[in-house]
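> 3D model of this:
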Amino acid sequence: MGAQKRMTAVKGAIFSLLLDAYQKRDQVGLILFRGKGAKLLLPPTNSVDIAHQQLAKLPTGGRTPLTQGLLLAEETVSRYTNKIYQPLLVVVSDGRANVPLHHKDPLIEVRATAHRIAEQKISTLVLDCETGRRKLGLARPLAAALGGQCLPLGDLSAEKITQSIRHTQTGPARG
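Numbers count the residues shown, from 1 in each chain. Sure thing, here's the model as predicted:
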């Protein structure tokens with residue numbers, strides 16, 4: 001139930017960003033990482049119609065191949081970014097990684113991948129979606145490794161998520 005509520009807020013934020021992107025000629029994409037891998041669910045676009053079709057039944061839960069998600073994000077940003085657009089990577093995660101790519105410890109892989117993304121100066125925002133009584137607090141170190149900010153998703157509305165993302169885009173330039 002909590003995951004579905006969070007996903008509703010995330011979808012609302014994506015749709016709000018898409019409407020804004022359509023007006024500003026920006027693009028928004030979405031990568032889903034669950035199960036054993038990652039998938040580019042929504043290639044960067046400013047089409048609200050395409051986004052509605054792709055996001056209609058976005059699944060949640062299951063195992064977390066976070067390294068695979070970050071690798072696909074890195075590849076997608078590289079493929080779709082040009083000199084006109086400044087990419088912003090928004091990661092919605094509790095920071096837990098339990099599907100290794102090569103090593104036995106998937107958190108080591110996540111940190112290494114995150115550091116490589118940080119070296120590319122990609123602006124990043126991690127929306128911490130961790131819930132429950134037993135919190136591990138892994139999203140904040142993930143954001144730090146990515147060189148970005150971390151905000152708790154908690155009960156954030158779509159509007160607040162969008163405002164946070166816009167603030168990250170318009171914040172001070174990183175050097």
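> can we go C-alpha only for contacts and neighbour counts from here?
OK.
> ok, so what distance separates Q27 from L17?
Distance check for Q27 against L17: by Cα to Cα, to the nearest Å, it reads 9 Å.
> Look at these two and report which has more neighbours.
Set Q27 next to L17 and count neighbours by other Cα atoms under 10 Å: L17 wins out with 24 against 20.
> which element is the more buried one on?
helix 2-24 (DSSP states H and E).
> cool, and L71?
helix 66-80.
> I would like the residues contacting that helix, please.
For helix 66-80, the external contacting residues (Cα atoms under 8 Å, 6 or more residues apart in numbering) are 31-34, 37-40, 44, 87, 89, 95-101, 106, 109-110, 113-114, 117.
> Same check on stretch 123-137?
Applying Cα under 8 Å, 6+ apart, the contact partners of stretch 123-137 are 2, 6, 87-95, 139-140, 142-143, 146-154, 165, 168-169, 174.
> Give me the mean pLDDT for the longest strand along the chain.
In terms of residue count, the longest strand belonging to the chain (DSSP state E) is strand 37-45. If you average the pLDDT over strand 37-45, you get 84.
> how far away is V48 from P87?
The gap separating V48 from P87 is 19 Å, by Cα to Cα.
> Between the two, point out the one with more neighbours.
Regarding V48 and P87, a neighbour count based on other Cα under 10 Å identifies P87 as having more, with 20 against 17.
> Tell me the spacing between the more buried one and L55.
21 Å.
> And what about the residue most central in space within the chain, helix, strand or coil?
Residue closest to the average C-alpha location in the chain (Cα atoms, centre = their mean): V91, at 2.1 Å. What DSSP: H, G, I helix; E, B strand; the rest coil gives for V91 is strand.
> count of neighbours near the closest residue to L151 other than its chain neighbours?
Nearest non-adjacent residue to L151, counting by Cα to Cα, 6 or more residues apart in numbering: L127, 5.1 Å away. Neighbour count for L127, taken as other Cα under 10 Å: 26.
> so L127, which of the three states?
Following three-state DSSP, the label given to L127 is strand.
> for N82, same thing?
Here N82 is recorded as coil under three-state DSSP.
> what does A51 give?
A51 is classified as helix under three-state DSSP.
> Show me what the longest strand of the chain is packed up against.
Packing partners of strand 37-45 (3 or more Cα pairs under 8 Å, 6 or more residues apart in numbering; DSSP states H and E): strand 28-34, helix 48-55, helix 66-80.
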